[in-house]
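Colleague: Sequence first, predicted model second:
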Amino acid sequence: MTELTEVRIDKWLWAARFFKTRAQAKQAVENGHVFYNGSRCKPSRAIQVGAMLRIRKAEQSFELEILDLSEQRGPATIAQQLYRESEDSIEKRQQEQQRRKLERAIYQAPEHKPNKQQRRQLSAIKQERYL
């Protein structure tokens, strides 16, 4: 068995379970949601142990150091050993999660769906915002 010295970033993101498919990982890298050592990269970028990654996924942001390389997706316990998330990153994610939780607690869902007249009014308001 050979020891890996570098792996494509899209394969590593998939193996580390940040994305369900390699295609999703590739798309995230292409769209600029993944930064390798502070700069954007291509999906074919070879990563190495010790490098820093910043990943934006939905409403979450991760800052991590690569500890090990893998091209194969395995169990979650093994995937978590591939990286170490910074304390600052963990704290920011927890604060953001708490903020979203409070926003959901304040939100009151409407009792019923809007009727046709109300939908037209909402549509007009949305169009004014984008003009």
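Modeller: Received, thanks.
Colleague: Using the three-state scheme, assign the residue nearest to residue 42 when sequence neighbours are not counted.
Modeller: Nearest residue to residue 42, sequence neighbours excluded (Cβ to Cβ, 6 or more residues apart in numbering): residue 29, at 6.8 Å. The C-beta positions use only the backbone N, C-alpha and C, and glycine is treated the same way. Three-state call for residue 29 (DSSP: H, G, I helix; E, B strand; the rest coil): helix.
Colleague: Tell me the pLDDT of residue 29.
Modeller: Listed pLDDT for residue 29 reads 96.
Colleague: Tell me what residue 54 is bridged to.
Modeller: Beta-bridge partners recorded for residue 54 (DSSP bridges): residue 35, residue 63.
Colleague: Pick out the least confidently modelled helix or strand of the chain, by mean pLDDT.
Modeller: helix 116-130 (a mean of 88; mean pLDDT, DSSP states H and E).
Colleague: And the contacts of that helix?
Modeller: Residues outside helix 116-130 that contact it (Cβ atoms under 8 Å, 6 or more residues apart in numbering) are residue 114.
Colleague: can you check stretch 37-55 too?
Modeller: 5-10, 12-13, 18, 25-26, 28-30, 32-36, 61-69, 83.
Colleague: Quick check: end-to-end length of that stretch?
Modeller: 11 Å (Cα to Cα, to the nearest Å).
Colleague: And stretch 69-85, by the same measure?
Modeller: Start-to-end, stretch 69-85 (Cα to Cα) is 15 Å.
Colleague: List the buried residues in it.
Modeller: By neighbour count with 16 or more other Cβ atoms under 10 Å, stretch 69-85 contains the buried residues 69-70, 73, 79, 82-83.
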